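>>> Pasting the sequence and the predicted coordinates here, then a few questions.
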Amino acid sequence: MSADEPGLLKRLWTRLWLRRASFSARYGDLEQLYKVRDPWNLLTPREQARFAATNALVAKLAPATLLEIGSGEGAQTHWLQQVAGHVTGIEVSAAAVARAKQACPGAEFHEGRAEDAARLLAGRHFDLVTAFEVLYYAADVPVVLAGLQGLGERLLVTAYRRRAEQLRPHFTGQPGWRQLEDISAEGTEWEVWLWERERG
Ligand SMILES: C[S@@+](CC[C@H](N)C(=O)[O-])C[C@H]1O[C@@H](n2cnc3c(N)ncnc32)[C@H](O)[C@@H]1O
């Protein structure tokens, strides 16, 4: 076996399940993905640089309470804990939640779908809700966004530039939304969108 084979197999495995899961709410497929650890390679220098840049944005918002949608195995939660008072994660994969609890003992995790966040969190409200690299799997993005807006004062979204096309119309020109400067790391770009509750 060549040194590259485990990486190649992992990439093929991830690609297989992600193709099926795109904009479909086939969340069982995401659970399959977590049969391997770190399926999105979030421990690579490129993704760690993205987390650092995202943290710089979150730090400016200085949230005491942060709700992280799609908290996975806690790879980004670990970073968010440095710039938020308390982090609560919601993640659809049970295997990922179990690993996140081990990795980030100071954070709180719930197994469930973004679509059910209001029910899972029963009346709680957050300074900041984040949806980083997570909206690509929902079947009805406007419904998910409306639900998340009901849970917080602000909603911060990142989307990988090459996959952002289908998401952009949900933000561009929509009330309360504005685009922030892109995140860029090792030749890859992510779009960043911020929604803020309008003060009346
Ligand atoms: C690409 S990973 C992103 C992890 C991290 N937020 C980041 O930016 O690197 C997407 C995560 O969101 C989870 N996920 C996808 N759709 C979800 C949904 N509707 N509700 C909760 N979790 C979801 C996936 O299982 C996965 O762990």
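Structure received.
>>> Only C-alpha atoms from now on, for both contacts and neighbour counts.
Fine.
>>> quick one: contacts for the most centrally placed residue in the chain?
Geometric centre of the chain, nearest residue: residue 132, 3.0 Å, by C-alpha atoms, centre = their mean. Taking C-alpha atoms under 8 Å, 6 or more residues apart in numbering, we find residue 132 in contact with 68, 69, 70, 156, 157, 158, 159.
>>> who does it bridge with?
Counting by DSSP bridges, residue 132 forms beta bridges with residue 158.
>>> correct me, but residue 64 touches residue 125?
No: judged on C-alpha atoms under 8 Å, residue 64 makes no contact with residue 125 at a distance of 11.1 Å.
>>> So between these two, which is more surrounded?
residue 125 (17 against 13; other C-alpha atoms under 10 Å).
>>> From the contacts of residue 132, pick the one nearest the ligand.
residue 70 (3.2 Å; C-alpha to the nearest ligand atom).
>>> ok, the nearest residue to that closest one once chain neighbours are set aside - contacts?
Closest residue in space to residue 70, ignoring its immediate chain neighbours: residue 91 at 4.7 Å, by C-alpha to C-alpha, 6 or more residues apart in numbering. By C-alpha under 8 Å, 6+ apart, the residues touching residue 91 are 69, 70, 71, 72, 97, 109, 110, 111, 112, 113, 114.
>>> And those residues, which two are furthest apart?
97 and 114 (13.9 Å; C-alpha to C-alpha).
>>> what about residue 41, distance to residue 118?
30 Å (C-alpha to C-alpha, to the nearest Å).
>>> Tell me where this structure has strands.
65-69, 86-91, 108-111, 126-132, 152-160, 177-185, 188-196 (DSSP state E).
>>> looking at those strands, which is closest to residue 25?
Taking C-alpha to C-alpha, strand 86-91 is the member of the strands of the chain nearest to residue 25, at 13.1 Å.
>>> quick one: that closest one to chain centroid distance?
Strand 86-91 sits 10 Å away from the centroid of its parent chain (C-alpha atoms, centre = their mean, to the nearest Å).
>>> what lines up beside that strand in the sheet?
Sheet pairing of strand 86-91 (DSSP bridges) gives strand 65-69 (parallel), strand 108-111 (parallel).
>>> tell me the angle the longest one makes with strand 152-160.
With axes from the mean of the first three to the mean of the last three C-alpha atoms, to 10 degrees as the criterion, the two stretches strand 65-69 and strand 152-160 enclose an angle of 40 degrees.
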